[in-house]
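*Asks:* Pasting the sequence and the predicted coordinates here, then a few questions.
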Amino acid sequence: MEINERISIIMEHYNITPSEFAEKVDVQRSSISHITSGRNKPSLEFITKVKSAFPDIEWDWLINNNGPMIKPKVEIIEEKPEAKKLPLPDLFSIIEDDNFGQENLEVPTPEKPNRPEPIVSAPIKEEKKTSNSQPLDNFPIPQGKTTKKVKRVILFFEDGTFEAFEN
């Protein structure tokens, strides 16, 4: 099947006249007449306009006559009302947790009635505790054109500790 026949099929599928098709594709009515009669072959610009005007038409069908004319519809599956999802915690509820940033040092061991296992505890890691704030005298502050002064700088470390410097 030639492309001129495929253009005619598109007009039949959407039940529109050649004039309506020309208006929708934004070309002259005579261009449609010349293409559908086989006198002229459509340009790439014309094919692109057809595809833009009718986005559900498959490219491969329009250009090569391969596959279906219309893209298959994707079925949207609605979520069942009885399947409720638990809400995810927000950032502030995590930070309010007393154990935030602390490692869990207890390793739970499953109980097995037939074979007793030795209780192994994780080594306790000594953490360096820092005071809440330290003077900014030890922290270099770049001097530039700004008139603003730094009041407080907080450094957070990977191990969950932090240091705060105040002016």
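*Replies:* Perfect, I can see it now. Here the structure is a predicted model, which means the values were calculated and not measured.
*Asks:* Poorly predicted segments of the protein, please.
*Replies:* For the chain, the stretches flagged by pLDDT under 70 are 77, 79-85, 89-147.
*Asks:* try 90
*Replies:* When residues are selected by pLDDT under 90, those of the chain lie in 1-4, 7, 31-33, 35-40, 42, 44, 55-167.
*Asks:* how about the helices of the chain, start to end?
*Replies:* Using DSSP state H, the helices of the chain run over 3-14, 18-25, 29-37, 44-53, 59-64, 91-95.
*Asks:* Ok, which of those helices comes nearest Phe156?
*Replies:* Taking Cβ to Cβ, helix 91-95 is the member of those nearest to Phe156, at 12.1 Å. (C-beta placed from N, C-alpha, C; glycine too.)
*Asks:* hang on, the earlier thing: rebuild the helices of the chain as JSON lines, extending it with mean neighbour count.
*Replies:* What follows is the helices of the chain, written out as JSON lines (neighbours: other Cβ atoms under 10 Å):
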{"stretch": "helix 3-14", "mean neighbour count": "16"}
{"stretch": "helix 18-25", "mean neighbour count": "17"}
{"stretch": "helix 29-37", "mean neighbour count": "16"}
{"stretch": "helix 44-53", "mean neighbour count": "15"}
{"stretch": "helix 59-64", "mean neighbour count": "14"}
{"stretch": "helix 91-95", "mean neighbour count": "9"}
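*Asks:* hey, where'd the strands end up in the protein?
*Replies:* For the chain, the strands defined by DSSP state E occupy 134-135, 152-156, 162-166.
*Asks:* Any chance of the helices of the chain in TSV with distance to Glu75 as columns?
*Replies:* TSV is the format used below for those (distance: least, Cβ to Cβ, whole Å):
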stretch	distance to Glu75
helix 3-14	21
helix 18-25	28
helix 29-37	35
helix 44-53	24
helix 59-64	21
helix 91-95	36
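*Asks:* Quick one: neighbours of the closest residue to Trp61 other than its chain neighbours, just the number.
*Replies:* With Cβ to Cβ, 6 or more residues apart in numbering as the criterion, Trp61 has its nearest non-adjacent residue at 4.8 Å, and that residue is Met69. By other Cβ atoms under 10 Å, the residues close to Met69 number 16.
*Asks:* Nice, that's everything, thank you.
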